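Colleague: model the structure of this input:
(one chain, ligands or ions: 1)
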Amino acid sequence: EAFNAAVADAAELNAFIVTTPDHALAAADKVDADRAAGKPLGPMAGVPIGMKDLFCTHGVQTTAASHILEGFVPRYESTVSQKLWDAGAGMLGKLNLDQFAMGSSNETSHFGNVASPWRREGTNAAMSPGGSSGGSSSAVAARIAPAATGTDTGGSIRQPSAFTGICGIKPTYGRCSRWGVVAFASSLDQAGPMARSVEDCAIMLGAMAGFDPKDATSLKLDVPDWAAGLDADLTGKTVGIPREYRMEGTDAAILESWERGKQWLRDAGAKIVDISLPHTKYALPAYYIIAPAEASSNLARYDGVRYGLRDLPEGAGLQDMYAETREAGFGDEVKRRILIGTYVLSAGFYDAYYTQAQKVRTLVARDFEQAFAQCDLILAPTTPTASFPLGDKSDDPLAMYLNDVFAVPASLAGLPAMSVPAVLNADGLPLGLQLVGRPFDEQGVLNAGLAIE
Ligand code: GLN
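Modeller: Numbers count the residues shown, from 1 in each chain. The predicted structure is shown next:
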């Protein structure tokens, strides 16, 4: 009964593209068998998780929420999902997302919008679960799955976590293998866990992370036992408050939650200091050049020959097949990114846009390096506003991109960053706070998250 109720809830939210109950049940059976045989259980033993449909899963359709990959059934398993199965987890299904992870509201999926289980108090308008990991945030917030995978290129774990009142961490770039994850912007893409508590995130991240020779940017570092290292005592830690994040257009309630966050960290023993990240305002425009540039290159492989959809009109030649397949297979936002990307990479504009954006990226990373000479962690809001009704921003790409203004700097710098639920606003919607750490300091980020949650 509980299972059927959950399936009905999930259908209403449109969180799943496909469900795979047999996979989850097999993991549960394995727990029984291992226990009977006296074998040790993995850290995720029997946990039924949702898998963002950007991770290739052996024998299970993987679409990136696109039409062009509809019907694509990988013959391989992504490294991260394989690690989760090795740790004992099972899969409830493949979760909906913004198409090719491009979006901040989960309204660009070929399989329809995802709704958040939250509503503004006194209204019934369906709210955005954030994006691009909106199926993940919605399913976890609705208690359909205890945890889910996400990916974060420019905020797609943190922003949906903030919108739905859950925890999500993007680890240091290179911690989780990108092998078998459908590529968006390879120099930014990172996988991470989304769950109901900091502790659950710590356990799941431990199962997902680790060196992988199949990913050339994978970090050759041991995976610490983050769950065992959890400690909410922040005595001796200094937390920086970046003054450039006090931006116009940020909700008063968000600024208030930031103040509350400072107090909670102080209560946990941390010292709070003001810091400056002077190039913050250039991070978003740089991101929206670099990410589309990489995307336009990564998405060149969907040509009707190798994957999924093929649109081959009668008597058409190869060029027509490419054009027809891509015209029919990609959604509007994906096409917009490909156009921006090819434009900024084109011979006449490369230096003016792409090279310039890469320089800005270096400056943003340097800002953080200098800040971390004065503090151990940075506290900021995750988003400038709470969740909004589906449809509110869907015809205004710039308003949509502004959602990522606080998330993108840490992505450009490759730093570990987490969103934890902080307070509810006057509408009864959750607001998240973001913690950013030094490279490889997931433990510091998780510990400060623990002090806030
Ligand atoms: N919302 C951002 C974008 O649309 C970030 C997406 C992501 O992190 N995958 O590019």
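
Colleague: any regions of the stretch 1-150 of the chain where pLDDT drops low?
Modeller: Along the stretch 1-150 of the chain, the parts satisfying pLDDT under 70 run over 2-3, 6-7.

Colleague: the ligand contacts on that one?
Modeller: Contacts of the stretch 1-150 of the chain with the ligand, taken as C-beta under 6 Å from any ligand atom, map to 101-104, 132. Where C-beta positions appear, they are placed from N, C-alpha and C, glycine not excepted.

Colleague: closest to Val334 out of the residues you listed?
Modeller: Met102 (5.9 Å; C-beta to C-beta).

Colleague: helices of the stretch 151-300 of the chain, residue ranges please.
Modeller: Taking DSSP state H, counting those that start in this stretch, the helices of the stretch 151-300 of the chain run over residues 158-164, 198-208, 252-267, 280-298.

Colleague: what's the mean pLDDT across the shortest one?
Modeller: In other words, helix 158-164. What helix 158-164 shows for mean pLDDT is 98.

Colleague: again, but for the longest one
Modeller: Average pLDDT, helix 280-298: 97.

Colleague: swap in the third one?
Modeller: Averaging pLDDT along helix 252-267 yields 97.

Colleague: contacts for that helix?
Modeller: Helix 252-267 is contacted by residues 234, 239, 241, 246, 272, 379-381, 383-386, 422-423, 425-426, 431, 433, 448, 451-452 when judged by C-beta atoms under 8 Å, 6 or more residues apart in numbering.

Colleague: filter those residues down to just the ones in strands.
Modeller: Judged by DSSP state E, strands contain the following of the contacts of helix 252-267: 239, 241, 272, 379-381, 422-423, 431, 433.

Colleague: A helix includes Met321, no?
Modeller: Yes - using DSSP: H, G, I helix; E, B strand; the rest coil, the assignment for Met321 is a helix.

Colleague: got a list of what it touches?
Modeller: Applying C-beta under 8 Å, 6+ apart, the residues near Met321 are 303-305, 310-313.

Colleague: buried residues in stretch 80-94?
Modeller: 80-85, 87-94 (16 or more other C-beta atoms under 10 Å).

Colleague: looking at the contacts of Met321, which is nearest Val405?
Modeller: Set against Val405, the nearest of those by C-beta to C-beta is Asp303 (34.4 Å).

Colleague: so what's whatever residue of the stretch 151-300 of the chain ends up closest to the ligand closest to, chain neighbours aside?
Modeller: Sorted by distance to the ligand under C-beta to the nearest ligand atom, the residues of the stretch 151-300 of the chain start with Ser156, at 3.0 Å. Once flanking residues are discounted, Ser156 sits nearest to Ser132: 4.2 Å by C-beta to C-beta, 6 or more residues apart in numbering.

Colleague: quick check: that neighbour vs Met204, distance?
Modeller: Distance of Ser132 to Met204, given as C-beta to C-beta, to the nearest Å: 19 Å.

Colleague: go on, Pro40?
Modeller: For Pro40 relative to Met204 (C-beta to C-beta), the value is 18 Å.

Colleague: more neighbours, these two?
Modeller: Met204 (28 against 8; other C-beta atoms under 10 Å).

Colleague: pretty sure that one contacts Met51?
Modeller: No - Met204 is beyond contact range of Met51, at 12.0 Å (criterion: C-beta atoms under 8 Å).

Colleague: ramachandran angles for whichever residue of the stretch 351-453 of the chain sits closest to the ligand?
Modeller: Here the stretch 351-453 of the chain gets closest to the ligand at one residue, Asp404, 4.8 Å apart by C-beta to the nearest ligand atom. Dihedral angles of Asp404 (phi, psi; degrees, to the nearest 10) stand at phi -90, psi 10.

Colleague: identify the residue nearest it in space, chain neighbours excluded?
Modeller: Of all residues not flanking Asp404 in the chain, Gly155 sits nearest, at 4.4 Å (C-beta to C-beta, 6+ apart).

Colleague: which ones are touching that neighbour?
Modeller: Contacts for Gly155 (C-beta under 8 Å, 6+ apart) come out as 104, 382, 403-404, 406-408, 411.

Colleague: one more time with 10 Å
Modeller: Taking C-beta atoms under 10 Å, 6 or more residues apart in numbering, we find Gly155 in contact with 104, 130-133, 161-162, 170, 287, 382-383, 403-411, 417, 419, 434.

Colleague: restricted to buried residues, select the residues you listed in ChimeraX.
Modeller: Command for ChimeraX that selects the buried part of those, burial taken from 16+ other C-beta under 10 Å:
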select :104,130,131,132,133,161,162,170,287,382,383,403,404,405,406,407,408,409,410,411,417,419,434
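
Colleague: for the protein, which segments count as strands?
Modeller: Per DSSP E, the chain carries strands over the ranges 16-19, 48-52, 90-95, 147-152, 167-170, 190-195, 238-242, 271-275, 377-381, 417-424, 430-437.

Colleague: including distance to the ligand, pLDDT and neighbour count, could the contacts of Met321 go into JSON lines?
Modeller: Output for the contacts of Met321, formatted as JSON lines (distance: C-beta to the nearest ligand atom, whole Å; pLDDT from 0 to 100; neighbours: other C-beta atoms under 10 Å):
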{"residue": "Asp303", "distance to the ligand": "23", "pLDDT": "92", "neighbour count": "17"}
{"residue": "Gly304", "distance to the ligand": "25", "pLDDT": "91", "neighbour count": "21"}
{"residue": "Val305", "distance to the ligand": "26", "pLDDT": "90", "neighbour count": "11"}
{"residue": "Arg310", "distance to the ligand": "27", "pLDDT": "92", "neighbour count": "16"}
{"residue": "Asp311", "distance to the ligand": "26", "pLDDT": "90", "neighbour count": "17"}
{"residue": "Leu312", "distance to the ligand": "31", "pLDDT": "88", "neighbour count": "13"}
{"residue": "Pro313", "distance to the ligand": "32", "pLDDT": "83", "neighbour count": "10"}
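
Colleague: related to what we said a few turns ago, just say which of the strands of the chain is most tucked in.
Modeller: Comparing the strands of the chain by mean neighbour count (mean count of other C-beta atoms under 10 Å), strand 167-170 comes out on top with a mean of 33.
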